[in-house]
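Undergrad: Model the structure of this input:
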Amino acid sequence: MRLTVLGGGGFRLPLVYGALLGDHAEGRITRVVLYDTDAGRLAAIARVLADQAAGVPDAPEVTATTDLDEALRGADFVFSAIRVGGLAGRAADERIALAEGVLGQETVGAGGVAYGLRTVPVAEEIARRVARVAPGAWVINFTNPAGLVTEAMARHLGGRVIGICDSPVGLGRRVARALGADPDTAFYDYAGLNHLGWLRGVRVAGRDELPRLLADPGLLGSFEEGRLFGADWLRALGAIPNEYLHYYYFNRETVRAYREAERTRGAFLREQQDRFYAEMERPGTPALAAWDRTRAEREATYMAHNREAAGAGEREAADLESGGYEQVALALMRAIAHDRRTTLVLNVRNGGTLSVLDADAVVEVPCLVDANGAHPVSVSPLADHAAGLVCAVKAVEREVLAAAESGSRDRAVAAFALHPLVDSVTVARRLVEAYTAAHPGLAYLRR
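TA: Now for the predicted structure:
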């Protein structure tokens, strides 16, 4: 089978290729085509993959191209992992929002709205190209904001686009380990939107073990989300939130920590990756070693400002384990290609799964996957406060989609103003002015 990766020069791609190298089953991926608009980044990541493949006789063949149609033609699966505006765009998103005293994280708050506004038009054009050039391909969307972008692409690809994220996977695995359960056999009652979901149950051998976890302060303090949110708040919620909900539940503290920091997360990653790609331009650089060193630093500093605001301390060794999005992608491809029924937490059209949203809204829930794609399974209803937050953020996403479709500046203002973490229409207007001045990709917002 042939896999095409859009954003093939992206830093995290070796995680995916590493998972493919470990797959020796019949019908596996045998060819990987990397597509990127930046030939230099493509060459750097291709060198890392070559180092990974050394000594693996059946390693998937890797080719690279800057021609999108060439990359898509003949693909069985397409990974969309693009970053419109690059890390420089992310750094600007964060800086502009923080100057207004609101959150600028890349998928949450004002930063997420800005990122969505410039990503949706590009993602929709890619979806149209896939539909035309590779109509039989399945698209697996990694591109953030993952739920919003998946919903935009689904307008052109229907159920043949599926969004994935490693946050629910990592949360579930950490909770299962805290309970002494096998993370691979537990069922996770998880529901919400991408980066806005709650784990409400962990069924082991048919029994929900989450109440036992919530009743034990020692167990709650043994994994990252327990330390991040605190045992008292988790017991009050009766659920374990996705780590990104820290931006909502402790917004003032997080914004203060971000504003007091020497640099934002986006600025840190931009400097770090600039060093990595510059290092890779030197012919003698040991590619895989340089990548491993950079990745370890990246993982150790993940959500550092939130941990500082919560007094949660440094990340522990168990928390540094990848959430496993590359393994989710591999399991998803196997299930579709070989009709191996499996259950995964994915971003898909809602159907009737969450009654507070319409059928076309993309949600993040457990899904049964088979040769016909991903089908959401029944989950318990959202608590009232969760339902309210989900509906509010989905309304923001719909304003982003409307702005991208119409070019309406008013719809863009509404997207910012309606977000729960932006507290003023006046601030929303200033954000639109600042973001359109900073990002050429937002020049379409005119009317």
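
Undergrad: Skip the chain neighbours and tell me the closest residue to Thr301.
TA: Distance criterion C-beta to C-beta, 6 or more residues apart in numbering; nearest residue to Thr301, sequence neighbours excluded, is Phe268 at 6.8 Å. Heads up, the C-betas are built off the backbone N, CA and C, glycines and all.

Undergrad: Tell me the secondary structure at the residue sitting nearest the centre point of the chain.
TA: In the chain, the centroid-proximal residue (C-alpha atoms, centre = their mean) is Cys165; its distance is 4.4 Å. Look at Cys165: counting by DSSP: H, G, I helix; E, B strand; the rest coil, its state is coil.

Undergrad: give me every residue that touches it.
TA: Cys165 makes contacts with 146, 194-195, 325, 345, 347, 364, as judged by C-beta atoms under 8 Å, 6 or more residues apart in numbering.

Undergrad: Model confidence at it, what's the number?
TA: Cys165 carries a pLDDT score of 94 in this model.

Undergrad: Begin at 121 from now on, thanks
TA: Sure, I'll start numbering at 121, so the last one becomes Cys285.

Undergrad: Can you tell me how far it is from Tyr445?
TA: 7 Å (C-beta to C-beta, to the nearest Å).

Undergrad: wait, is Ala455 part of a helix?
TA: Yes - counting by three-state DSSP, Ala455 is located in a helix.

Undergrad: My guess is it contacts Val489. True?
TA: Yes - counting by C-beta atoms under 8 Å, Ala455 does reach Val489; the two are 4.0 Å apart.

Undergrad: can you list residues touching both of the two?
TA: With C-beta under 8 Å, 6+ apart, Ala455 and Val489 have common neighbours 461-462, 464.

Undergrad: What about the residues you listed, which one has the most neighbours?
TA: Leu464 (20 neighbours; other C-beta atoms under 10 Å).

Undergrad: sec struct for that residue, please.
TA: Under three-state DSSP, the three-state class of Leu464 is strand.

Undergrad: per-residue pLDDT, it?
TA: 95.

Undergrad: so how far is Leu452 from it?
TA: To Leu452, Leu464 is 6 Å away according to C-beta to C-beta.

Undergrad: again, but for Ala387
TA: In terms of C-beta to C-beta, Ala387 sits 33 Å off from Leu452.

Undergrad: Which one's more surrounded, those two?
TA: Regarding Ala387 and Leu452, a neighbour count based on other C-beta under 10 Å identifies Leu452 as having more, with 22 against 18.

Undergrad: a strand runs through Leu319, doesn't it?
TA: Yes - counting by three-state DSSP, Leu319 is part of a strand.

Undergrad: That one pairs with what?
TA: Per DSSP bridges, the residues bridged to Leu319 are Tyr310, Ile360.

Undergrad: how deep is it tucked in, by neighbour count?
TA: By other C-beta under 10 Å, 23 other residues sit near Leu319.

Undergrad: Could you pull up the contacting residues of it?
TA: 288, 291-292, 295, 308-310, 330, 359-362.

Undergrad: related to what we said a few turns ago, and what about the residue nearest to Thr421, helix, strand or coil?
TA: helix.

Undergrad: List the residues that contact Leu207.
TA: Residues in contact with Leu207 (C-beta under 8 Å, 6+ apart) are 386, 389-390, 393.

Undergrad: What is the helix or strand hosting Ala170 packed up against?
TA: Assessed by DSSP states H and E, Ala170 sits inside helix 159-173. On a contact count with 3 or more C-beta pairs under 8 Å, 6 or more residues apart in numbering; DSSP states H and E, helix 159-173 meets helix 133-141, strand 151-155, strand 181-185, helix 385-400, helix 407-420.

Undergrad: The ones you listed: which one's closest to His559?
TA: Of all the helices and strands packed on helix 159-173, helix 385-400 sits nearest to His559, with 13.3 Å by C-beta to C-beta.

Undergrad: What's the mean pLDDT across the closest one?
TA: Over the span of helix 385-400, the pLDDT mean works out to 94.

Undergrad: Over to stretch 338-345?
TA: Averaged over stretch 338-345, pLDDT sits at 95.

Undergrad: buried sites along that stretch?
TA: Residues of stretch 338-345 classed as buried: 339-340, 342-345 (neighbour count, 16 or more other C-beta atoms under 10 Å).

Undergrad: ok, of the residues you listed, which one's closest to Glu214?
TA: Once C-beta to C-beta is applied, the member of the buried residues of stretch 338-345 that ends up nearest Glu214 is Glu344, at 22.1 Å.

Undergrad: how close does the closest one sit to Val242?
TA: Separation of Glu344 from Val242 (C-beta to C-beta) stands at 33 Å.

Undergrad: which other residues reach stretch 544-563?
TA: Against stretch 544-563 from outside (C-beta under 8 Å, 6+ apart): 204-205, 209, 212-213, 216-217, 219-222, 230, 233-234, 237-238, 241-242, 529, 532-534, 536-537, 542, 565.

Undergrad: are any of the residues you listed buried, and which?
TA: By 16+ other C-beta under 10 Å, the contacts of stretch 544-563 give 204-205, 209, 212-213, 216-217, 220, 222, 230, 233-234, 237-238, 241-242, 529, 532-534, 536-537, 542, 565 as buried.

Undergrad: Sitting in helices, which of those do you find?
TA: If you go by DSSP state H, the buried ones among the contacts of stretch 544-563 have 209, 212-213, 216-217, 230, 233-234, 237-238, 241-242, 529, 532-534, 536-537 in helices.

Undergrad: Most neighbours of all the contacts of Leu207, which one?
TA: With neighbours defined as other C-beta under 10 Å, the most crowded of these is Gly386; it has 22 neighbours.

Undergrad: That one against Ala217, yeah?
TA: No - the pair Gly386 / Ala217 is not scored as a contact, 10.7 Å apart, by C-beta under 8 Å.

Undergrad: Checking the residue of the chain most remote from its centre next. Helix, strand or coil?
TA: No residue in the chain sits farther from the centre than Gly404, which is 33.3 Å out by C-alpha atoms, centre = their mean. Following three-state DSSP, the label given to Gly404 is coil.
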